[in-house]
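K.L.:
Here is my input; please provide its structure:
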Amino acid sequence: MRARIALAIVLLAGCQEEAPRRDPALREERRVEIEESDEAPTDELPPAIADPLPASGDEQAAHDVLPAAAVDSAYDSDDEVESRRFVYRVHLDVPAVLGEPGGEVETAAAELFVDVSAERARATFGGPGWPAFGEVRLRGDSPGAYLFDAHGGRPLLPGELASWFEGGPPRVGPILIVRRDPALRGAVDPGPGTLLCALLSEWAGEPRDTVMRRCAAGAPLSFRVGYWRGERMADVTVQTARRELRADHEVPPDAIASTRSGTFLEPTALGRLSPHTTRDPDLATSDERGPPPSVGLELVNESDARVVVVADGVAIGWVDAGATGHFADIAPGVHDIAAMRPLGAIVMRPREVRLPGRTVLHAPRRVVE
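P.N.:
Model (predicted):
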């Protein structure tokens with residue numbers, strides 16, 4: 001993976017304040033908010049270097065690259081253009097209705113890498129904290145995006161990036177919050193800021209016009225897309241060859257490994273989840289599908305979209321639609337297991353599961369008239 005997106009987050013010492021939890025009912029409304037912050041922006045890149053996408057190897061999927069709607073000939077050269085490199089550290093906040101974590105287990109931070117000029121942007125969803133991995137390319141003069149992921153490359157219409165992240169048809173749109181940098185109050189910077197907001201709007205499934213104007217003063221200091229909370233960690237100005245920002249199917253990134261489930265946590269962190277005394281003395285070791293696994297939790301996802309798996313109030317990983325996820329390192333005993341869509345819709349409220357054991361998220365019932 002090219003060095004322009006090969007950045008790693010250096011976790012800073014100390015704790016940042018948790019954003020206040022909102023009424024779950026408000027989470028179901030499609031709306032956009034904007035906030036101010038007095039936090040000082042960071043203008044230094046982290047020194048470490050790492051590949052933010054899953055490593056390639058024997059399990060790489062064959063890439064079928066479909067042509068973009070238009071060839072980006074304006075950016076087909078080695079001429080340099082001034083651009084900005086941003087790194088956002090992103091956390092997933094589990095809604096309180098799915099349980100409050102009782103220990104010191106926290107979900108690993110995800111990393112959002114964005115290279116942006118006044119006219120083009122590239123963003124990489126990479127690292128173990130994401131339920132979906134890919135490189136997103138955007139133009140400032142047209143909505144939609146071009147996406148490279150484990151299935152190859154393809155153009156996306158407006159709103160389809162949200163479906164990609166959901167791994168299926170999206171539910172009611174998530175809350176989108178953009179927090180402006182107070183140091184830029186009153187400024188006008190129509191390039192990097194508006195294109196970063198264009199990325200957030202495509203991710204959330206919102207029309208660009210409702211969001212981009214909120215970043216006219218510059219790139220957001222932080223944001224929220226549903227329950228995903230991003231904080232800006234780096235922002236530097238660089239000179240980039242125009243072809244490194246072209247927003248079509250040409251010059252694809254390295255192949256991305258194909259996987260249908262994954263974990264956000266290291267095995268030692270999963271092992272710190274504490275079982276509790278059951279509220280149901282007749283609780284079985286496996287609710288369906290024969291004998292339970294020999295260790296840990298199996299979650300069978302029969303729904304029509306990807307889900308984030310929550311154990312004892314902690315997001316532990318994700319499972320694609322039609323797939324089974326195995327989380328082998330959770331301690332034996334009774335745990336509360338729940339599930340939510342990546343963009344926030346709750347699809348399984350906490351249920352007790354005795355581990356080793358299995359639970360099934362069934363497809364929603366459909367009414368036939």
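
K.L.:
Domain map for the chain?
P.N.:
Domain assignment for the chain by automatic domain parsing gives 24-245, 261-361.

K.L.:
Ok, which of those comes nearest Ala255?
P.N.:
Closest of these to Ala255 is domain 24-245, at 4.4 Å (criterion: C-beta to C-beta). (C-beta placed from N, C-alpha, C; glycine too.)

K.L.:
ok so, going back, dump the domains of the chain to CSV, plus mean neighbour count, distance to Asp254 and mean pLDDT.
P.N.:
Conversion of the domains of the chain to CSV gives the following (neighbours: other C-beta atoms under 10 Å; distance: least, C-beta to C-beta, whole Å; pLDDT from 0 to 100):
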stretch, mean neighbour count, distance to Asp254, mean pLDDT
domain 24-245, 18, 6, 81
domain 261-361, 19, 18, 91
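
K.L.:
Distance to Ala255 added to the ones you listed, as TSV?
P.N.:
Supplementary listing: the domains of the chain in TSV, determined by distance: least, C-beta to C-beta, whole Å:
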stretch	distance to Ala255
domain 24-245	4
domain 261-361	17
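
K.L.:
the helices in the stretch 101-250 of the chain, which residues?
P.N.:
Ranges of helices in the stretch 101-250 of the chain, per DSSP state H, counting those that start in this stretch, are 160-166, 192-204.

K.L.:
For Val251, find the nearest of the domains of the chain.
P.N.:
domain 24-245 (6.3 Å).

K.L.:
With adjacent residues omitted, what lies nearest to Pro67?
P.N.:
Leaving aside its sequence neighbours, Pro67 sits nearest to His249 (C-beta to C-beta, 6 or more residues apart in numbering; 5.4 Å).

K.L.:
try Asp79
P.N.:
Nearest non-adjacent residue to Asp79, counting by C-beta to C-beta, 6+ apart: Arg242, 5.3 Å away.

K.L.:
ok, now how distant is Gly317 from Arg139?
P.N.:
In this view, Gly317 and Arg139 are 34 Å apart by C-beta to C-beta, to the nearest Å.

K.L.:
so Arg84 is in which element?
P.N.:
Secondary structure from DSSP states H and E places Arg84 in strand 80-92.

K.L.:
Give me the angle between that strand and helix 192-204.
P.N.:
Orientation check (axes from the mean of the first three to the mean of the last three C-alpha atoms, to 10 degrees): strand 80-92 against helix 192-204 gives 40 degrees.
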